[in-house]
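1. I would like the atomic coordinates for the input below:
(2 chains)
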There are 2 protein chains.
Amino acid sequence: MNRTDLVKQIFNKKSFLCVGLDVDINKIPKHLLKEEDPIFAFNKAIIDATAKYCVAYKPNLAFYECYGIKGMVAFERTISYLKSAYSDHFIIADAKRGDIGNTSTMYAKTFFEEYNLDALTVAPYMGEDSVKPFLEYKDKWVILLALTSNKGSHDFQLIEDKNGERLFEKVLSKSQEWGNEDNMMYVVGATQGKMFEDIRKIAPNHFLLVPGVGAQGGSLQEVCQYGIIKDCGLLVNSSRGIIFASNGDDYADAAAVKAHDIQLEMANELSKLA
Amino acid sequence: MNRTDLVKQIFNKKSFLCVGLDVDINKIPKHLLKEEDPIFAFNKAIIDATAKYCVAYKPNLAFYECYGIKGMVAFERTISYLKSAYSDHFIIADAKRGDIGNTSTMYAKTFFEEYNLDALTVAPYMGEDSVKPFLEYKDKWVILLALTSNKGSHDFQLIEDKNGERLFEKVLSKSQEWGNEDNMMYVVGATQGKMFEDIRKIAPNHFLLVPGVGAQGGSLQEVCQYGIIKDCGLLVNSSRGIIFASNGDDYADAAAVKAHDIQLEMANELSKLA
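-> Coordinates of the predicted model:
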């Protein structure tokens, strides 16, 4: 999906919500465990309930890989279902890959050709040749880790060089030599609050994928205050806060209510841009 | 596998060779494509031919994931075969994972419980909570990316902070607050030559996993000159140089010859430690 279409979706739906499909089999309603593929059954119900309130879905591969082959089958079924029933949604594989050039090329094939997804999260540590193979696909996106939402983000990402430039800032500036606003986004955690101001100085027009609203404690309002731009430029993700809103039979309805609440807040933020 | 057993293997076999099982289906002998599972058939022959010359195997997950479910089946079959036929070998999943705490916990379960592998490569960018879940398993290892073998390693890994400490050095020192010489190794590319000297100043006793000998141009002799320690402390990986030594019917024999050549060089280096 290209930027124009993504932005169109956002303003049509008045939403820049991304729903994280991070399914933990221990947290889904017990009656689903009788299904032949409980993870897919859960995802399908969550997707049907939330699709009208969000523009993107983000399955985190770890939550599928951890169940081996049967997890990957659930992942593939989820992707096919999204592609057939909700083809307008932007799909992000949250995989945080990053390897030497020939390996990244393999990963790019997997996610952009085999699964035909829109975007993949990539870790920047290995530099240019680990990122570039992903940028060779038209209308596909690399979402590079810049400033993540977790506590450990402070260990390395904030290290300053001799000129006071922090590592995440270096990632933002250096990577702009490889990709552009139409094929690269950045992960910036909602927990980073005012840092969005610094990020917008270096990447004023890039889309940012923002995890950490909800369970991790980030505030949507603060993210928008410092991060939103004219064509929105944000995809805000919520995973646990939506998909595990209830662990009873009403889990899908509860997810819909939660997603709708966030969408209403987002509509309000978008209305300020007019 | 714990350090004592790994070191025992190395000195018994006079080898610290790790064979990288990075199977590209376009590079394997054509007659294997008729097999029901060509990747596993290839791996099995390579393993049988090289097992006596190496102490470790390292499948890179990208090369399996890129074939979807059938790639993962080949991966699982390869692991089971290794576990049953060559249970003394150390098995590394080269996956370069690294995510927020709860996700890393899922990955740790996959690789250390589901597959029961010995070690996993992990990317350090997200810091402490992305690494620690892997360190909670007895006799299992995190192999943290420090200074990689690719050209892009220079983009971020060599950035110096105000005190002249480079990012890879910070990764080496900071991570020693989380793990120790018995559960953590570091990836250092063979292409980094004299840098091994600097690395040994910060991590004098850790095992290093060294890719980049062979196809990527690193020299075993140079790696040993600066990197070897009393109990060896090195696992040197070769992938393409061994497994694709020939693309004819003699591919397994050719791999054995290549692995044997390297093992002889290694025996020579180990003999200098006596």
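
2. can you show me the CA trace of the helix or strand where residue A:69 lies as CSV?
-> Secondary structure assigned from DSSP states H and E places residue A:69 in helix A:68-85. As requested, C-alpha coordinates have been extracted for helix A:68-85 and formatted as CSV (Å, rounded to 0.1, in the frame of the first residue of the first chain):
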residue,chain,number,x,y,z
GLY,A,68,6.0,-24.0,16.0
ILE,A,69,4.4,-25.2,12.8
LYS,A,70,0.9,-24.8,14.1
GLY,A,71,1.5,-21.3,15.1
MET,A,72,2.8,-20.4,11.7
VAL,A,73,-0.3,-22.1,10.1
ALA,A,74,-2.4,-19.7,12.3
PHE,A,75,-0.3,-16.8,11.2
GLU,A,76,-0.8,-17.7,7.5
ARG,A,77,-4.5,-18.2,7.9
THR,A,78,-4.8,-14.9,9.7
ILE,A,79,-3.0,-13.1,6.8
SER,A,80,-5.1,-14.8,4.1
TYR,A,81,-8.3,-13.9,6.0
LEU,A,82,-7.3,-10.3,6.2
LYS,A,83,-6.3,-10.2,2.6
SER,A,84,-9.6,-11.7,1.4
ALA,A,85,-12.1,-10.1,3.9
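
3. centre of the chain to it, how far?
-> If you compare the mean C-alpha spot of helix A:68-85 with that of the full chain, they lie 17 Å apart, counting by CA atoms, centre = their mean, to the nearest Å.

4. outside of that helix, which residues touch it?
-> Helix A:68-85 is contacted from outside by A:21, A:23, A:37, A:39-40, A:43-44, A:47-48, A:51, A:57, A:59, A:61, A:63-65, A:67, A:89, A:91, A:115-117, B:68-69, B:72-73, B:76, B:110, B:114-115, using CB atoms under 8 Å, 6 or more residues apart in numbering or on different chains. In this view, the C-beta of every residue, glycine as well, is placed from N, C-alpha and C.

5. filter these to the buried ones?
-> When those are checked for burial by 16 or more other CB atoms under 10 Å in any protein chain shown, the buried set is A:21, A:23, A:39-40, A:43-44, A:47, A:51, A:57, A:59, A:61, A:63-65, A:67, A:89, A:91, A:115, A:117, B:68, B:72-73, B:76, B:110, B:115.

6. so which of the residues you listed are in strands?
-> With strands taken from DSSP state E, the overlap with those comprises A:57, A:91.

7. who in the stretch 151-274 of chain A is up against chain B?
-> Residues of the stretch 151-274 of chain A lying near chain B by CB under 8 Å from any CB of the partner chain: A:151-157, A:159-162, A:167, A:170-171, A:174, A:216.

8. could you flag which of those are buried?
-> Buried, going by 16+ other CB under 10 Å: A:151-153, A:155-157, A:159, A:161, A:167, A:170-171, A:174, A:216, out of these.

9. follow-up on the earlier one: any idea which of the residues of the stretch 151-274 of chain A next to chain B is closest to residue A:248?
-> Nearest to residue A:248 out of these is residue A:216 (CB to CB; 23.7 Å).

10. pull up the gap between that closest one and residue B:153, please.
-> Separation of residue A:216 from residue B:153 (CB to CB, to the nearest Å) stands at 31 Å.

11. now do residue A:150
-> Residue A:150 sits 24 Å away from residue B:153, going by CB to CB.

12. now swap in residue A:64 and tell me
-> Where residue B:153 is concerned, residue A:64 sits at a distance of 30 Å (CB to CB).

13. swap in residue A:212?
-> Between residue A:212 and residue B:153 the distance is 29 Å, computed by CB to CB.

14. what do you get for residue A:196?
-> Relative to residue B:153, residue A:196 is positioned 29 Å away (CB to CB).

15. next one: residue A:157
-> Using CB to CB, residue A:157 is found at 18 Å from residue B:153.

16. what do you get for residue A:258?
-> For residue A:258, the distance to residue B:153 equals 43 Å [CB to CB].

17. now do residue A:90
-> Taken as CB to CB, the spacing of residue A:90 relative to residue B:153 amounts to 32 Å.

18. picking up where we left off before, from the residues of the stretch 151-274 of chain A next to chain B, which two are the most distant?
-> Between all members of these, the longest pairwise span (CB to CB) is found for A:162 and A:216 and amounts to 32.6 Å.

19. residues touching whichever residue of the stretch 1-150 of chain A sits closest to chain B, list them.
-> Nearest residue of the stretch 1-150 of chain A to chain B (CB to the nearest CB) works out as residue A:127 at 2.6 Å. Shown in contact with residue A:127 (CB under 8 Å, 6+ apart): B:150-157.

20. near chain A, from those?
-> Under the cut-off given by CB under 8 Å from any CB, chain A has B:150-157 from the contacts of residue A:127 close to it.

21. go through these and name the one nearest residue A:241.
-> Relative to residue A:241, the closest of the ones next to chain A among the contacts of residue A:127 is residue B:156; by CB to CB it sits at 32.2 Å.

22. isn't that closest one up against residue A:170?
-> Yes - using CB atoms under 8 Å, residue B:156 is in contact with residue A:170, at 6.5 Å.

23. I figured residue A:65 hits residue B:107, correct?
-> Yes - here residue A:65 reaches residue B:107: they are 7.3 Å apart, a contact under CB under 8 Å.

24. just to revisit the earlier point, so of the contacts of residue A:127, which ones are in helices?
-> Among the contacts of residue A:127, the ones falling in helices (DSSP state H) are B:153-156.

25. make JSON lines from those and add pLDDT and distance to residue B:17 to it.
-> Supplementary listing: the ones in helices among the contacts of residue A:127 in JSON lines, determined by pLDDT from 0 to 100; distance: CB to CB, whole Å:
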{"residue": "B:153", "pLDDT": "93", "distance to residue B:17": "23"}
{"residue": "B:154", "pLDDT": "94", "distance to residue B:17": "27"}
{"residue": "B:155", "pLDDT": "96", "distance to residue B:17": "30"}
{"residue": "B:156", "pLDDT": "97", "distance to residue B:17": "30"}
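
26. could you point out which of these is nearest to chain A?
-> Minimum separation from chain A among the ones in helices among the contacts of residue A:127 (CB to the nearest CB) is found for residue B:155, which lies at 3.2 Å.

27. for the closest residue in space to that closest one that isn't next to it in sequence, phi and psi?
-> Nearest residue to residue B:155 in three dimensions, chain neighbours excluded: residue A:127, at 3.2 Å (CB to CB, 6 or more residues apart in numbering or on different chains). As for residue A:127, its main-chain torsions (degrees, to the nearest 10) stand at phi 80, psi -160.

28. the one 5 residues further on now?
-> Residue A:132 has phi and psi values of phi -60, psi -40 when expressed as degrees, to the nearest 10.

29. shouldn't it be in contact with residue A:178?
-> Yes - using CB under 8 Å, residue A:132 is in contact with residue A:178, at 5.6 Å.

30. what residue in the stretch 151-274 of chain A comes nearest to chain B?
-> Closest point on the stretch 151-274 of chain A to chain B, by CB to the nearest CB, is residue A:152, at 2.6 Å.

31. for chain A, which spans come out with low pLDDT?
-> In the prediction, chain A carries no residues with pLDDT under 70.

32. quick check: bridge partners of the nearest residue to residue A:90 once chain neighbours are set aside?
-> Sequence neighbours aside, residue A:56 is the residue nearest to residue A:90 in space, at 4.0 Å (criterion: CB to CB, 6+ apart). For residue A:56, the residues forming beta bridges with it (DSSP bridges) are residue A:18, residue A:90.

33. from residue A:118, how far out is residue A:56?
-> In terms of CB to CB, residue A:56 sits 8 Å off from residue A:118.

34. now do the shared contacts for these two.
-> Looking at what touches both residue A:56 and residue A:118 (by CB under 8 Å, 6+ apart), the common residues are A:90-92.

35. could you dump those into JSON lines and include distance to residue A:251?
-> Putting those into JSON lines (distance: CB to CB, whole Å) gives the following:
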{"residue": "A:90", "distance to residue A:251": "24"}
{"residue": "A:91", "distance to residue A:251": "22"}
{"residue": "A:92", "distance to residue A:251": "22"}
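
36. residues contacting stretch A:164-182, please?
-> Residues from elsewhere that reach stretch A:164-182 (CB under 8 Å, 6+ apart): A:2-3, A:124, A:128, A:131-132, A:135, A:142, A:144-147, A:156-161, A:184, A:186, A:198-199, A:202-203, A:205-207, B:155-156, B:159, B:167.
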